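A.B. asks: need a structure here:
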Amino acid sequence: MNMTIIGCGYVGFAVAKLWNQKMTFLVTATTTTPERLITLQTVAQRSLLLKTNDAEGLKSVVKNQDVVLLSIGSKTGSTYEETYLETAKTLVPVLQKSGVKQLLYTSSCSVYGDQNGRLVDEDTPIFPTSHNSQILAETEQLLLSVSNDNLKVCILRLGGIYGLGRELVKIYGRIAGTTRPGTGEEPANWIHLDDIVAGIEFARKHHLQGIYNLVDDAYLSNREIIDKVCETHNLEKVRWDASQPSVRAYNARISNQKIKGAGYKLVHPQMIF
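C.D. replies: Coordinates of the predicted model:
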């Protein structure tokens, strides 16, 4: 099988590493960063420099490919539209003429927006609360518009990403001893890198189509996680100021029952502190 990963960053590199180990896969990995090309050569048969607004470049990359993983990430909050929506607008007409059998796309649970902390699933109407989460929602819909019997489009809405090199203590250690706005009681939905890789491979192997949430079973609040990180690593506890509004981008408890119902078993059901 011919596999292309468009956007071979933290997640894409880990998927490329897995797919490269399968003797029947030929992996192509793309990046917008010239310095990463040498690194990508260790996990892919082809590594290419590609700007995702380059229609001809995309056409060449997806030619004769069976599966395309779109795993792009914005380097700053001001480049979301260029990174996500413009990429989708360029990629969609290319995919329609490509013969690609499956598109896998890593999205974000932030598209659910403010749900007052209630449990939501893939059928719950989304309410993006920021301009960037609205862009992510529009990107999802644009990519889903090309889904058909010949081209299966699977969107994985990821929780917060952590794992090797992005351990929770690195993420939260910097706020130890500080005062944070709000109460910290909003649900925190996380997913380990190992489960993202395994979830993507599960979606590929089982030809999943449509939207699937990918979060773990922990269902802890933001406050509980930060307290546990500080306790585990002997850091000063974080204080909360309920007189100030929370800065969380979304407030929802994310259900993972759909992908588990399809047969996926989490590698890390509970969080690793």
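A.B. asks: Return the per-residue confidence for G77.
C.D. replies: Note for G77: predicted pLDDT of 87.
A.B. asks: so what's the residue nearest to it when sequence neighbours are not counted up against?
C.D. replies: Leaving aside its sequence neighbours, G77 sits nearest to N132 (C-beta to C-beta, 6 or more residues apart in numbering; 6.0 Å). Quick note: C-beta positions are derived from backbone N, CA and C, even for glycine. Neighbouring residues of N132 by C-beta atoms under 8 Å, 6 or more residues apart in numbering: S74, G77, Y80, S110.
A.B. asks: could you dump the helix or strand where N132 lies to CSV, C-alpha only?
C.D. replies: N132 is part of helix 131-144 when elements are defined by DSSP states H and E. C-alpha atoms of helix 131-144 as CSV (Å, rounded to 0.1, in the frame of the first residue of the first chain):
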residue,chain,number,x,y,z
HIS,A,131,-12.4,32.1,15.5
ASN,A,132,-9.8,29.4,15.3
SER,A,133,-12.1,26.6,16.5
GLN,A,134,-14.6,27.9,13.9
ILE,A,135,-11.9,27.5,11.2
LEU,A,136,-11.3,23.9,12.4
ALA,A,137,-15.0,23.2,12.2
GLU,A,138,-15.2,24.6,8.6
THR,A,139,-12.2,22.5,7.7
GLU,A,140,-13.9,19.3,8.9
GLN,A,141,-17.0,20.0,6.8
LEU,A,142,-15.1,20.8,3.7
LEU,A,143,-13.1,17.6,3.9
LEU,A,144,-16.2,15.5,4.7
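A.B. asks: Quick check: next helix or strand after that helix?
C.D. replies: The helix or strand immediately downstream of helix 131-144 is strand 152-158, counting by DSSP H and E.
A.B. asks: That next one pairs with which strands, and in what direction?
C.D. replies: strand 102-108 (parallel), strand 210-214 (parallel) (DSSP bridges).
A.B. asks: For stretch 197-210, list every residue counted as buried.
C.D. replies: Within stretch 197-210, the residues scored as buried using 16 or more other C-beta atoms under 10 Å are V197, A198, G199, I200, E201, F202, A203, R204, L208, Q209.
A.B. asks: how close does the residue nearest to G77 sit to T33?
C.D. replies: 21 Å (C-beta to C-beta, to the nearest Å).
A.B. asks: contacting residues around the residue lying closest to D194 once chain neighbours are set aside?
C.D. replies: Among residues not flanking D194 along the chain, V267 sits closest, at 4.5 Å (C-beta to C-beta, 6+ apart). By C-beta under 8 Å, 6+ apart, V267 lies in contact with H192, D194, D195, A198.
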